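**Q** Would you be able to build a 3D model of this:
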Amino acid sequence: MATRAMTPRQTTMYEFMEGRWRKQRALSYAEVRAKEWLGVARKWARRHCHKTGQVTMDDVVAAIDRHELPWAKDLNPNLRGQLFRAKDFIPGGQIYSKRANAHMNRILVWRLRGEANAVLDTQSD
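**A** As a prediction, the model looks like this:
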């Protein structure tokens, strides 16, 4: 039985899935290499959540700029997004980024899993 060639749509979908797989594989590899930094950064993010009730990528980048959070030049900047893959962070909404180089993109507001409802309850009073 002869195999048929893929249609342009199938080719595009295949390339899309292949690209997503490669990106995820690269980020997983980077996450393993930067396990120590992710541990420190997640600890900082948890403390920030305890103090303010939420944390965003703007907060993380500001902490790196203020040298509260270490950053090595050899780390991939995309790794910062892996910070919130821990199970104790849950999305709590979206805001527009205040960083100039983020061009007003929407970013997620993260909350700690056990404290999300408590924070929301105290803000509604």
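
**Q** How about the contacts made by the most centrally placed residue in the chain?
**A** Centroid check for the chain by CA atoms, centre = their mean gives G81 as the closest residue, at 2.5 Å. Taking CB atoms under 8 Å, 6 or more residues apart in numbering, we find G81 in contact with L27, M57. Where you see a C-beta, it was placed from the backbone N, CA and C, and this is true even at glycine.

**Q** Check Q82 too.
**A** Per CB under 8 Å, 6+ apart, neighbours of Q82: L27, A30, E31, L38.

**Q** Same question for E68.
**A** E68 touches W44, counting by CB under 8 Å, 6+ apart.

**Q** Helix, strand, or coil at it?
**A** coil (DSSP: H, G, I helix; E, B strand; the rest coil).

**Q** And the strands in this protein?
**A** 89-96, 106-112 (DSSP state E).

**Q** Can you spell out which helices and strands pack onto the shortest one?
**A** This means strand 106-112. helix 35-52, helix 57-65, strand 89-96 (3 or more CB pairs under 8 Å, 6 or more residues apart in numbering; DSSP states H and E).

**Q** how does it look with 10 Å?
**A** Other helices and strands packing on strand 106-112, by 3 or more CB pairs under 10 Å, 6 or more residues apart in numbering; DSSP states H and E, are helix 35-52, helix 57-65, strand 89-96, helix 116-123.

**Q** Could you list the low-confidence segments of this protein?
**A** 1-3, 6, 10, 115-125 (pLDDT under 70).
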